[in-house]
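Peer 1: Sequence first, predicted coordinates after that:
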Amino acid sequence: MFVLYAAELAALASKFGVKLYAFADDNQDLHVHCDISDIISSVNALEECITAIGQWMPANGLKLNAEKTELMWAGTRYSVANLLCDHDLSLTLGADIVKATDVIRVPDVLFTSDLALEKQVTSVSAKCCDV
């Protein structure tokens, strides 16, 4: 049954130019690719997409977990730093504000905004040393 839900959500997200990635039994990741000049329209598209998903979910017996919602802008260290200095690129989802973070975990892999692997390697190495 989850595959049917995920297919509808992917179609809903695509209406806003957003890609949805699902893992096993969970919709995990919304992704939008944009140029720096299109960043504000991308923020608006993400907000509209998440709002539409938030309306779709209760109608289908599901719940959007706003507490677990994270936002990360990815690019070179220089471009992300400049982007975040020049703009407030948080998402407004109803009464909730989702601020950008430097690191997210998708499912067990640490992604950083510059897409470097240092934090992931450090995390895996630490787990190996604990054994």
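Peer 2: On my side now, so go ahead. Numbering: from 1, shown residues only.
Peer 1: Tell me which stretches of the protein form strands.
Peer 2: Ranges of strands in the chain, per DSSP state E, are 19-23, 26-31, 91-93, 96-98, 103-106, 109-112.
Peer 1: Pull out the buried positions in stretch 100-115.
Peer 2: Buried residues in stretch 100-115, counted by 16 or more other CB atoms under 10 Å: 100, 110-114. The way it works is simple: take the backbone N, C-alpha and C, and place the C-beta from them, glycine included.
Peer 1: Pick out whichever of those sits closest to R77.
Peer 2: Nearest to R77 among the buried residues of stretch 100-115 is D114, at 4.6 Å by CB to CB.
Peer 1: ok, L110 - contacts?
Peer 2: Neighbouring residues of L110 by CB atoms under 8 Å, 6 or more residues apart in numbering: 103-104, 119-120, 123.
Peer 1: of all the residues you listed, which two lie farthest apart?
Peer 2: Most distant of those, by CB to CB, are I104 and S123, 12.8 Å apart.
Peer 1: hmm, back to that, reformat the buried residues of stretch 100-115 as JSON lines; add pLDDT and distance to D38.
Peer 2: Formatted as JSON lines, the buried residues of stretch 100-115 follow (pLDDT from 0 to 100; distance: CB to CB, whole Å):
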{"residue": "A100", "pLDDT": "83", "distance to D38": "17"}
{"residue": "L110", "pLDDT": "81", "distance to D38": "27"}
{"residue": "F111", "pLDDT": "84", "distance to D38": "22"}
{"residue": "T112", "pLDDT": "83", "distance to D38": "23"}
{"residue": "S113", "pLDDT": "83", "distance to D38": "18"}
{"residue": "D114", "pLDDT": "82", "distance to D38": "20"}
